[in-house]
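Colleague: Model the following, please.
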Amino acid sequence: MLVLAAGMAYAEDAEKPALAEMSGKDIYKNVCKQCHEADSEAGEYTPMTLIQDQWVEFFDEILVETHKDLTCPQDESKKLLEVLDKKALKNVREFCVDHAADSEQPMTCG
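Modeller: Here you go, the predicted structure:
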């Protein structure tokens, strides 16, 4: 039974795409939104919360300092910034900037 359970867990993990392979929208929904929903302690943030220049500043200058000690919502044994590699951060950054409040296609990521 133990071997079967371990095999099933491995199969489930194998079916999940790596964060770097996910779209920015999917990363935002599955990772960022876990801590940034309405009434959350960390504050509600969606792409529409900030304008494009503010998102660029956040990802370029603020994200690492504010998130360096946080754990990943899906696996609290890992640091968030260890799980979100450069490609995943690039994808979510593009999503936030492309759908910011002053963009042509603002989005809440509902």
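
Colleague: Okay, the nearest residue to F95 once chain neighbours are set aside and H99: tell me how far apart.
Modeller: Once flanking residues are discounted, F95 sits nearest to G24: 2.7 Å by CB to CB, 6 or more residues apart in numbering. C-beta: built from backbone N, CA, C; applies to glycine. Distance, G24 to H99, using CB to CB, to the nearest Å: 9 Å.

Colleague: and what of L63?
Modeller: Distance of L63 to H99, given as CB to CB: 17 Å.

Colleague: and these two? which has more neighbours close in?
Modeller: Using other CB atoms under 10 Å as the criterion, L63 and H99 rank with H99 on top: 22 against 18.

Colleague: isn't the more buried one right up against P47?
Modeller: Yes. Under the criterion of CB atoms under 8 Å, H99 makes contact with P47 at 3.8 Å.

Colleague: Give me the secondary structure label for the nearest residue to P106 once chain neighbours are set aside.
Modeller: Leaving aside its sequence neighbours, P106 sits nearest to M48 (CB to CB, 6+ apart; 4.7 Å). Following DSSP: H, G, I helix; E, B strand; the rest coil, the label given to M48 is helix.
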